[in-house]
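J.: Please work out how this folds:
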Amino acid sequence: MIEKLAARLLSGTEKDEEKALRNAYGVLSGAVGIAVNALLFILKLIIGSSTNSIAVIADAFNNLGDIGSSVVTIIGFKLASKPPDREHPFGHGRAEYITSLIISLLVVMVGFELLRDSIGRIAEPSPVVFRWPAFIALILSIGAKLWLGKFTGKLAEKIDSRALDASAMDSYGDVVSTSTAALALLFSRFSSFPADGYVGLLVSLFIMYAGYNLVKEAVDLLIGTRPDTEMVEEIKNKVLSYEGIIGVHDMMVHNYGPGRCVVSLHAEIPETMPVGEAHELIDKVERDLSEEMGIFVTIHMDPLNVDDEEVVKTRREIEAIVKKFPEVLSLHDLRVVGSGERKNVIFDVVVSNDVREPEEEAIKNRITAEIKKAFPGYNPVITVDRHFI
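T.: All right, here's what the predicted structure looks like:
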């Protein structure tokens, strides 16, 4: 059913079917959200006014805010689907993350408004009138929001969308807030205690907390976060599956929006491999990864000496030394330069992101001391790299 509805929104002119379908899902989610929330807003406003319930009225305006969120969703997906241009060579995919941030901020604002109204109701309580039709209407509203949350969640899962995830969470937040409003209304039938304001207070805190988490996730995506571990491992395994590539390091993954990842990495090859052959190999890996995973890939090749016994033995023993330092994650690009009794052993170490820059020099000095103890004739030249994945 979802696929059929989304297919109706496709214009048939888009070159990239995957991006076009993603846009259709976003528009579909926004359109359904507008329809459901408009109906719930009218229904809850009538109920709240007839029962004098601040919790129900606040919940109604929460649905009004959700209409705005749905409009933002449609606009965001339309912007994100725009093709690359001169100013934005990697496209406009991050517009979806901006959409997620705006929706998340709206969730926080709704929670704050409910908090303010609830405190006012606690300070100056007024009676809530219980009516069965109003209570039943709220129960139906809960069912509608639960359905909308599941519907939006399925769409989010299909296209891995943070913006639709935020919309789904917003719907589930409404389920909680409407449930508590219904319980407060039911409670008013048996007691004159102003539970309405206290329930609204609790709901507002819940909504603001959920909104804060959504804002944090959206901001993290815009700033840039560590890439998905499974994707990183998949890239590594694919690169290492090619005959002639013996190691991978210095990988970086830049996220320009869903389906717009730029990956760079260093691939180690035997230094005896002819340059032309190595170039053809790297080109093939770049093309294959780009086609199979839908990412932009750039690979730098690092020649590695795997035949010289001195270099191989030195690498093995220095790797054993480096393993004594828990803050060092890996070692790469090791080479021995020079001749005679005095030689430079040059290599890079990757340190944990927990290591601060002022500590890097101390780590280098400690590793240098250990190496000189094991290899008196070697002068270590160490470069500290950061772990970006």
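
J.: and after the biggest helix by length in the chain, which helix or strand comes next?
T.: Scanning the chain for the longest helix, with DSSP state H as the assignment, gives helix 17-51. Using DSSP states H and E, the helix or strand that follows helix 17-51 in sequence is helix 54-80.

J.: what pairs with the helix or strand where Asn379 lies, and is each one parallel or antiparallel?
T.: Assigned by DSSP H and E, Asn379 belongs to strand 378-386. Sheet partners assigned to strand 378-386 using DSSP bridges are listed as strand 343-351 (parallel).

J.: Buried residues, the strand it pairs with. List them.
T.: By 16 or more other C-beta atoms under 10 Å, the buried positions in strand 343-351 come out as Lys343, Val345, Ile346, Phe347, Asp348, Val349, Val350, Val351. For the C-beta atoms, the positions are set from N, CA and C on the backbone; glycine is no exception.

J.: Out of those residues, which is nearest to Leu185?
T.: Distance to Leu185, by C-beta to C-beta, is smallest for Val351 among the buried residues of strand 343-351, at 58.5 Å.

J.: May I have the beta-bridge partners of that closest one?
T.: Assessed by DSSP bridges, Val351 has beta-bridge partners Val328, Arg386.

J.: so it sits right up against Val384, yeah?
T.: Yes. Using C-beta atoms under 8 Å, Val351 makes contact with Val384 at a distance of 5.7 Å.

J.: which neighbours do these two share?
T.: Listed as contacting both Val351 and Val384 by C-beta atoms under 8 Å, 6 or more residues apart in numbering are Glu360, Ile363.

J.: Give me the three-state assignment for the residue nearest to Ser69 when sequence neighbours are not counted.
T.: Of all residues not flanking Ser69 in the chain, Ile103 sits nearest, at 4.6 Å (C-beta to C-beta, 6 or more residues apart in numbering). Recorded secondary structure, Ile103: helix (DSSP: H, G, I helix; E, B strand; the rest coil).

J.: and Val297, helix, strand or coil?
T.: Classified using three-state DSSP, Val297 is strand.

J.: please begin residue numbering at 38 from this point
T.: With the count now opening at 38, the last piece we talked about shows up as Val334.

J.: what sits against it?
T.: Listed by C-beta under 8 Å, 6+ apart, the contact set of Val334 reads Val300, Ser301, Leu302, Val322, Glu323, Leu326, Ser327.

J.: What distance do you get for it to Tyr134?
T.: For Val334, the distance to Tyr134 equals 22 Å [C-beta to C-beta, to the nearest Å].

J.: Same question for Val166.
T.: For Val166, the distance to Tyr134 equals 45 Å [C-beta to C-beta].

J.: could you show me where the helices are in the stretch 238-387 of the chain, in order?
T.: Applying DSSP state H, counting those that start in this stretch to the stretch 238-387 of the chain gives helices spanning 266-277, 312-330, 346-359.

J.: which residues sit against stretch 396-409?
T.: Outside stretch 396-409, the residues within contact range by C-beta under 8 Å, 6+ apart are 355, 358-359, 361-362, 364-365, 382, 386, 388, 392, 415, 417, 419, 421.

J.: Once you drop chain neighbours, what's closest to Ala75?
T.: Among residues not flanking Ala75 along the chain, Ile104 sits closest, at 5.9 Å (C-beta to C-beta, 6+ apart).

J.: Contacts only, for that neighbour.
T.: With contact set as C-beta under 8 Å, 6+ apart, Ile104 has these partners: Gly70, Ile71, Asn74, Ala75, Phe78.

J.: Could you tell me which of those residues count as buried?
T.: Buried members of those, counted by 16+ other C-beta under 10 Å: Gly70, Ile71, Asn74, Phe78.

J.: tally of neighbours for the nearest residue to Pro340 once chain neighbours are set aside?
T.: Spatial nearest neighbour of Pro340, chain neighbours left out: Glu308 (3.5 Å); criterion: C-beta to C-beta, 6+ apart. Applying other C-beta atoms under 10 Å, we find 14 residues neighbouring Glu308.

J.: so Glu308 makes contact with Asp339?
T.: No. With contacts counted by C-beta under 8 Å, Glu308 stays clear of Asp339, the gap being 9.1 Å.

J.: Same drill for Val166 and Tyr134, tell me which one is more crowded.
T.: Under the criterion of other C-beta under 10 Å, the comparison of Val166 against Tyr134 puts Tyr134 first, with 25 against 12.

J.: Secondary structure element holding the more buried one?
T.: Element membership for Tyr134, per DSSP H and E: helix 132-160.

J.: Could you measure from Val213 over to Leu239?
T.: Computed as C-beta to C-beta, the Val213 to Leu239 distance reads 9 Å.

J.: scratch that, Gly63
T.: In this view, Gly63 and Leu239 are 33 Å apart by C-beta to C-beta.
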